[in-house]
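Enquirer: With the sequence up front, the predicted model follows.
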Amino acid sequence: MKNFKQIFKEANNKISGIAAAPGIVIGNVYLFTKEKLDINDSAIADTGEAILNFEEALQKSKKELDKIFSIAKEKMEANRAAIFEAQLMILEDPILIGSIKDRICKEKKQPEYIVNDEISKYQHLMIISHEQYMNERANDIEDIKNRIIRNLQKKRWQSKITHDVIVVSDSLTPADTILLSRSNVKGFVTDHGGLTSHAAIISRSLDIPAVVGTHNATKQIKEDDLIIVDGFHGYVIVKPTQAQIDFFHAKAERLAELQQGLKELKDQPAQTTDGKEIILRANVDVSGEIELVITNGAKGIGLYRTEQILEELGEFPNESEQTKMYEKLATRIYPDPIIIRAFDIGGDKFKFLSFTEPNPFLGLRGIRLLLENEKLFKTQIRAVLQASKTKNIQFMLPMISSITEIRQSLSIISACKEELKNAKIPFDKHMKLGIMIEVPSAAVLTYELASEVDFISIGTNDLIQYLMAVDRGNDLVSNLYQEFHPAVIRTLSHILKEAARANRSASLCGEMAADTLAIPLLIGLGLQILSISPTTIPYAKRIVRSISYQKAKNLADECLLCETEKEVTDRLEKFFNENSITRTRNII
Ligand code: PEP
Ligand code: MG
């Protein structure tokens, strides 16, 4: 039997894109192209009638959007559905409506021409801003413009989908995604859009597999073509061979079986066969994932990457907006804890500086940037403190490399507490503070740094990058990014011993914990709290429940003596075979 690589990765009928929403689906294509609207720019005689037509089209558009908004609210989290609320507000914008009406009266031209021209002006401003966020908002506005024009022309949006299909489109607006999801759509493929595009976010919320950013899928795929969408790896296979179809059917079946089995595990404890309880928490990137956190049985949120809020919004939310966001998550996850990490800006995340640093990963990133921008840092601290009334919030600092950074942060946090106290604003006086250990200097000084705070969390994504001097995002050196390198394992062991010596709790929130091969080793090294992406929790729990802590400890001791990465992985694989445990990577 051919393997995954031959069947899929190396296939020549494959289109690559971004894995936007997990899942595998096989189906026929529905090419979704927006009908091109012809704009009539002729002169009109009766401006009164034109204004009435415009008002009617506005009312109709509002009604349609109201309906979409209520479907969205049913199907997804309120803050996602708010996209449509924002569109409704544009339809009610008195300045925009006023200037369209004025122009109809003055220029005596068809309202559809004026609507197109006036709204396009706004869009143009957004597009030339070259900000990804503004560009995406320009798409939303396109949707409103077309909706009004369509209603002026008295045409109806119609989904011609009558059977299960995979929608392939140049791009999708949030409204398209919602409406299409109601009509037998089993998957989405788009030429444009990134992981944070609305179509991607909505697909994830609706649990519909999606691959976005394929650049030219609409050119390579024809209506009715059979395609396979792999939302785990970001591939689309066009007109699959019988071998590929069989492979995917088997894969989808195994996945369904596995998910069924995993669902049954949801309420079972993550306990080793000899009774050691492991706490599995979730890493949350976008607040929309919270329902996944709950359905997958996470015991709290071990890492909330708040910088993702900035990626989504394209700006810093103010203090009260942030407070609301944090409060909402804390309440939803209560009484389990949520660890809110201070904005980890810099590196490859959210562009903040107006200039480009020569080595952004070694530059003004994480805590360094926050300490340089105290106002911004204080806004976040005050928001986190105000949300902490629920008493299940903990706060964590990224990229700590020295004790001075902790002490400076502690003094800013104390000042914020004092301000709130004076203003009689309630907060959790005992809110726990932790640090990420993800820089080698912090790893070496774990005992001293941990002693300053309440807990530590190991960020292996960065720790490996900095320890091995390998850029975590650079394909050219990805073979040198070795999570099982003996230096990595010995560093982890050192951190855990030193945290225990300082009597502080330690967890791990890097991707390493989501690699099922690593789980016995991490537990054996002494980790009792792992934080991973929500959908990988059931897989991790299955591994935990099938190993003995004592055996894992012996395994870790053996791995600590290894000299090469290969020796370590061989030893780990042997452990899986000896104990008949199946690894997730073999399945999906
Ligand atoms: C890490 O570095 O391991 C980590 C969890 O943080 P991030 O991936 O957000 O840098
Ligand atoms: Mg990190």
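Expert: Nice, I can see it. Ligands and ions are numbered 1, 2, ... in the order given.

Enquirer: Give me the neighbour count for Asp46.
Expert: Applying other CB atoms under 10 Å, we find 10 residues neighbouring Asp46. Glycine gets a C-beta too; all of them are placed from N, C-alpha and C.

Enquirer: Below-threshold pLDDT in the stretch 101-250 of the chain: ranges please.
Expert: For the stretch 101-250 of the chain, applying pLDDT under 70 flags the ranges 129-137, 139, 156-162, 194-198, 201, 205.

Enquirer: all strands for it, in order.
Expert: For the stretch 101-250 of the chain, strands defined by DSSP state E, counting those that start in this stretch occupy the ranges 165-169, 185-190, 210-212, 226-230, 235-238.

Enquirer: which one of those strands lies closest to ligand 1?
Expert: Among these, the nearest to ligand 1 by CB to the nearest ligand atom is strand 210-212 (21.3 Å).

Enquirer: got the residues of the stretch 401-550 of the chain near ligand 1?
Expert: Taking CB under 6 Å from any ligand atom, the part of the stretch 401-550 of the chain that reaches ligand 1 is made up of 438, 459-462, 509-510.

Enquirer: can you do 8 Å?
Expert: Residues of the stretch 401-550 of the chain lying close to ligand 1 by CB under 8 Å from any ligand atom are 436, 438, 457-463, 465, 509-512.

Enquirer: Not counting its neighbours along the chain, what's nearest Ile581?
Expert: If the residues on either side of it in the chain are set aside, Ile581 comes closest to Ser546, at 5.1 Å by CB to CB, 6 or more residues apart in numbering.

Enquirer: So what's the residue count around the one you found?
Expert: 15.

Enquirer: and if you look at Ala298?
Expert: Ala298 has 27 neighbours, counted by other CB under 10 Å.

Enquirer: quick one: secondary structure of it?
Expert: Three-state assignment for Ala298 (DSSP: H, G, I helix; E, B strand; the rest coil): coil.

Enquirer: which residues does it contact?
Expert: The contact partners of Ala298, by CB atoms under 8 Å, 6 or more residues apart in numbering, come to 280-282, 336, 534, 537.

Enquirer: Next: Asp267.
Expert: Asp267 is in contact with Gly297, counting by CB under 8 Å, 6+ apart.

Enquirer: Could you report the pLDDT at it?
Expert: You'll see Asp267 listed with a pLDDT of 83.

Enquirer: repeat for Thr584
Expert: As predicted, Thr584 sits at a pLDDT of 56.

Enquirer: now Asn3
Expert: So Asn3 comes in at 55 (pLDDT).

Enquirer: Need the pLDDT of the residue nearest to Asn461 when sequence neighbours are not counted.
Expert: Here the nearest residue to Asn461 in space, its sequence neighbours aside, is Gly510; by CB to CB, 6+ apart that works out to 4.4 Å. At Gly510, the predicted lDDT confidence score is 86.

Enquirer: Which of the contacts of Ala298 scores worst on pLDDT?
Expert: Pro534 (81).

Enquirer: Grab the longest strand from this structure for me.
Expert: Taking DSSP state E as the criterion, the chain has its longest strand at strand 24-32.

Enquirer: how about stretch 541-548: buried residues?
Expert: Using 16 or more other CB atoms under 10 Å as the burial criterion, the residues of stretch 541-548 that qualify are 541-545, 547-548.

Enquirer: what does it rub up against?
Expert: 261-262, 265, 268, 270-274, 278, 280, 297, 516, 519-520, 523, 579, 581.

Enquirer: re earlier: between the strands of the stretch 101-250 of the chain, which one is closest to ligand 2.
Expert: Among the strands of the stretch 101-250 of the chain, strand 210-212 comes nearest to ligand 2, with 24.7 Å by CB to the ion.

Enquirer: Given that closest one, what are its sheet partners and their directions?
Expert: Sheet pairing here is set by DSSP bridges, and for strand 210-212 it gives strand 18-21 (antiparallel), strand 185-190 (parallel).

Enquirer: Quick check on the residues of the stretch 401-550 of the chain next to ligand 1: which are buried?
Expert: Buried among these by 16+ other CB under 10 Å: 436, 438, 457-460, 462-463, 465, 509-512.

Enquirer: now, the most widely separated pair of these?
Expert: Spanning the widest gap among those are Ser457 and Gln465, at 16.3 Å by CB to CB.

Enquirer: Just the CA trace of the helix or strand Val544 falls within, in CSV.
Expert: Assigned by DSSP states H and E, Val544 belongs to helix 537-546. Only the C-alpha atoms of helix 537-546 are listed here, as CSV (Å, rounded to 0.1, in the frame of the first residue of the first chain):
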residue,chain,number,x,y,z
ILE,A,537,-7.0,17.2,23.4
PRO,A,538,-8.9,13.9,22.9
TYR,A,539,-5.9,12.4,21.0
ALA,A,540,-3.6,13.4,23.9
LYS,A,541,-6.0,12.0,26.5
ARG,A,542,-6.1,8.7,24.6
ILE,A,543,-2.3,8.4,24.9
VAL,A,544,-2.3,9.4,28.6
ARG,A,545,-4.9,6.8,29.4
SER,A,546,-2.9,4.1,27.7
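
Enquirer: before we move on, the earlier item: what I need now is the residues of the stretch 401-550 of the chain next to ligand 1 written out in CSV, including secondary structure for each item.
Expert: Putting those into CSV (three-state DSSP) gives the following:
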residue, secondary structure
Met436, strand
Glu438, coil
Ser457, strand
Ile458, strand
Gly459, coil
Thr460, helix
Asn461, helix
Asp462, helix
Leu463, helix
Gln465, helix
Cys509, coil
Gly510, coil
Glu511, helix
Met512, helix
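
Enquirer: Out of the residues you listed, which are close to ligand 2?
Expert: The subset of those within reach of ligand 2, by CB under 5 Å from the ion, is 438, 459, 462.

Enquirer: So Ser531, which state does it fall into?
Expert: Counting by three-state DSSP, the backbone at Ser531 sits in strand.

Enquirer: tally of neighbours for the residue nearest to it when sequence neighbours are not counted?
Expert: Leaving aside its sequence neighbours, Ser531 sits nearest to Gly302 (CB to CB, 6+ apart; 2.4 Å). As a burial measure, Gly302 scores 27 neighbours (other CB under 10 Å).

Enquirer: Would you enumerate the residues in contact with Gly302?
Expert: 281-283, 339, 457, 507, 509, 529-532.

Enquirer: Nearest to Ala243 among these?
Expert: Of all the contacts of Gly302, Ile532 has the smallest distance to Ala243: 33.1 Å, by CB to CB.

Enquirer: In this structure that closest one contacts Ala540, no?
Expert: Yes. Using CB atoms under 8 Å, Ile532 is in contact with Ala540, at 6.0 Å.

Enquirer: Can you give me the distance of the residue nearest to His163 when sequence neighbours are not counted to ligand 2?
Expert: Leaving out its chain neighbours, the residue that sits closest to His163 by CB to CB, 6+ apart is Asn184, at 6.1 Å. Asn184 sits 41 Å away from ligand 2, going by CB to the ion, to the nearest Å.

Enquirer: ok, back up a step: got the angle for the longest strand of the chain vs strand 185-190?
Expert: 70 degrees (axes from the mean of the first three to the mean of the last three CA atoms, to 10 degrees).

Enquirer: Noted, bye for now.
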